[in-house]
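A.B. asks: heads up, no residue letters with this:
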């Protein structure tokens, strides 16, 4: 069977529900908030992200580790003067995954 | 993947799109720092032409490095966020400033050689030429700083 000349796997992809395109890693509420914050900037300090997302240091560390493992977030450690600081940024893969996740959410929200 | 209702999707979208970590103060810091880098580089190029071969040249170069380092330190201390695309815009501005600096040095050297050939040796460049040189060198970074400050850099 075909629709508008589309057949086989293309048809399946076209008709798949948007929930199948939600990203498992980003779907968790705290991780979605972290990625949403990082999507707005080139790089942000760990403490600023923690305050914005309103979680503890340990929760943020754990969630960032998951995102880092998925290749979505890059962690950079450095110093400002003598103070150690940790910087977080979204990778290209992470940004693409977030964009796709938002598109799927919008599609579901509009359904 | 677990099911998600349209209402839940709307709530998550609202939460994701409602965050605002990149504030005006961060853009101001990075815009000002980029502007300051441009001005310092432009000033150095202009002043260095006047101090060419003078004993103060080393002091000037040392001071130049210290001031650039101080601006970089202030920038990293004053802001915990690097606004979106500000790095790319800053790098493009820096590339423009470096290109203008190399061009300016070549042009000034050619002018000096021409003066020597014409028998007007040892006459320094007029101040307005040096001022204009510094401004041209600084200009790409001044524009980059303004774009970063305005928050629509790309």
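C.D. replies: Cool, got the structure. Small disclaimer: the values here were computed from a predicted structure and weren't measured.
A.B. asks: quick one, strands of chain A?
C.D. replies: Here chain A has its strands, by DSSP state E, at A:41-45, A:73-80, A:83-90.
A.B. asks: Of those strands, which is nearest chain B?
C.D. replies: strand A:41-45 (3.6 Å; C-beta to the nearest C-beta). C-beta: built from backbone N, CA, C; applies to glycine.
A.B. asks: does any part of the closest one sit near chain B?
C.D. replies: Yes. For strand A:41-45, a contact with chain B is found by C-beta under 8 Å from any C-beta of the partner chain, at A:41, A:42, A:43, A:44, A:45.
A.B. asks: Would you show me how to pick out the buried ones of those residues in PyMOL?
C.D. replies: Those of those that count as buried under 16 or more other C-beta atoms under 10 Å in any protein chain shown are selected in PyMOL with:
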select buried, chain A and resi 41+42+43+44+45
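A.B. asks: of all the residues of strand A:41-45 next to chain B, which comes closest to residue A:29?
C.D. replies: Residue A:29 lies nearest to residue A:44 out of the residues of strand A:41-45 next to chain B, by C-beta to C-beta, at 18.8 Å.
A.B. asks: give the contact list for the closest one.
C.D. replies: Listed by C-beta atoms under 8 Å, 6 or more residues apart in numbering or on different chains, the contact partners of residue A:44 are A:37, A:38, A:87, A:88, A:89, B:21, B:80, B:81, B:82.
A.B. asks: Now which of those would you call buried?
C.D. replies: Listed as buried from the contacts of residue A:44 are A:37, A:38, A:87, A:88, A:89, B:21, B:80, B:81, B:82; burial here means 16+ other C-beta under 10 Å.
A.B. asks: Could you identify the least confident member of those?
C.D. replies: Within the set of the buried ones among the contacts of residue A:44, pLDDT is lowest for residue B:21 (76).
A.B. asks: Would you mind giving the secondary structure of that residue?
C.D. replies: Secondary structure, DSSP: H, G, I helix; E, B strand; the rest coil: residue B:21 is coil.
A.B. asks: So it is in contact with residue A:49, correct?
C.D. replies: Yes. The criterion here is C-beta atoms under 8 Å, and residue B:21 meets it with residue A:49 at 7.1 Å.
A.B. asks: shared neighbours, these two?
C.D. replies: What both residue B:21 and residue A:49 touch, as defined by C-beta under 8 Å, 6+ apart, is the set residue A:37.
A.B. asks: Could you list the buried residues of the longest helix belonging to chain B?
C.D. replies: Counting residues, the longest helix found in chain B (DSSP state H) is helix B:86-117. By 16+ other C-beta under 10 Å, the buried positions in helix B:86-117 come out as B:86-87, B:89-90, B:92-94, B:96-97, B:100-101, B:104, B:108, B:112.
A.B. asks: Enumerate the positions of stretch B:65-81 that are buried.
C.D. replies: Within stretch B:65-81, the residues that qualify as buried are B:67, B:71, B:75, B:76, B:79, B:80, B:81, counting by 16+ other C-beta under 10 Å.
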